[in-house]
Structure formats: C-alpha cells, structure tokens
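S.K.: how would this look folded up:
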Amino acid sequence: MLKGKLLAKNRKALFNHSIIERYDAGVVLKGYEVKAIREGKVDFEGSYVRVIKGEVFLTNLKIGRYSKQSKETSPQDETRDRKLLLNKNEIKEINRELSEKGKTAVPLALVLSNNKIKLELAVVKGKKEFEKKQTAKERQLKKDMEMEKKQFRQEIY
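M.R.: Predicted coordinates:
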C-alpha cells in the first residue's frame, strides 16, 4: 500500500474481486489529466490492466475534463490506454499471473506520493455471487458490533 494522499479509489474492485497480489506503478499522464485527477474527476468503471508486448497498460480509466481547461478533449482521449511504469520483474510476474485462468488485473487507487501520481493495482480473481453476499454480511455484522460497543460504552458513563 502506497503512502500519500488518496486521490481516487475503486470501491467496486474490493467488493467484486478477491485480491491475490498488489503492485504500485507510475502512470504516464498528460498535464491536464494530472489536474483533473487532483480535482477528483476519475471513473474506474470497466477499467483494467493488460500486458502488451512486454509493456503494461491501463485501459478504460476515464479521466474527466479539467475545469479550467481551454482545449476540448474527445471522449476517446478520456479513456485512452495509459502506460504504467513497472520494472521488468514485476511485468513478468503480472504477465505470469494473468496467463492463469480466471485472473485479471484491476486498478485499486490513485495516490499522490512525493508529488507524483501513482496507481495501486492488483491481480484479482472474481468473486461468485454467494461470496459477495458473505462479504456484505460480514461487513454488516462488524458494523453492528461497533454500534453495540459504542452504546455499551455510553451506558457505562
């Protein structure tokens, strides 16, 4: 997990997938994209990571238009492939993991670390419907336990 300011988080990824391995990568961005990310205009819906000819690319990540941007951008430019900066060993490891059946790589979060935008990505395996329900149930139980604990503390004092 990267240290720094969280700019955007893919909330659905943790609900729909179980994480196998996490990676941190730099992202090749244009100047206005950096400013739009800082404004929070990021949509992770349908985005994933793929390896093409030994290079890793982030596909379908939608970065909206920067509010003070004068140049008009096309919808294709918003969801263009963005190159990820990883070392060779990490690329080989990700490629090996993705070659296995049922595994994919998804972005988890965009983080501002040392004034650079980094992407936290993970190799994941999709959850079945009953696993999603189980996760939701566990989350609700944890929430209920916290409420009970809070009420118990208030009754004591």
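S.K.: tell me the contacts of Asp79?
M.R.: You called it Asp, but residue 79 is Thr. Contacts for Thr79 (C-beta atoms under 8 Å, 6 or more residues apart in numbering) come out as Asn60, Leu61, Lys62. The C-beta positions use only the backbone N, C-alpha and C, and glycine is treated the same way.
S.K.: try Ile52
M.R.: So Ile52 contacts nothing (C-beta under 8 Å, 6+ apart).
S.K.: rewinding a little: make a ChimeraX selection of the buried ones in the contacts of Thr79.
M.R.: Command for ChimeraX that selects the buried part of the contacts of Thr79, burial taken from 16 or more other C-beta atoms under 10 Å:
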select :60,61
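S.K.: ok, the contacts of Thr79 vs Lys128, which is closest?
M.R.: Asn60 (23.6 Å; C-beta to C-beta).
S.K.: quick one, domains of this structure?
M.R.: 5-126, 128-157 (automatic domain parsing).
S.K.: hey, which of those domains is tucked in deepest?
M.R.: domain 5-126 (a mean of 16; mean count of other C-beta atoms under 10 Å).
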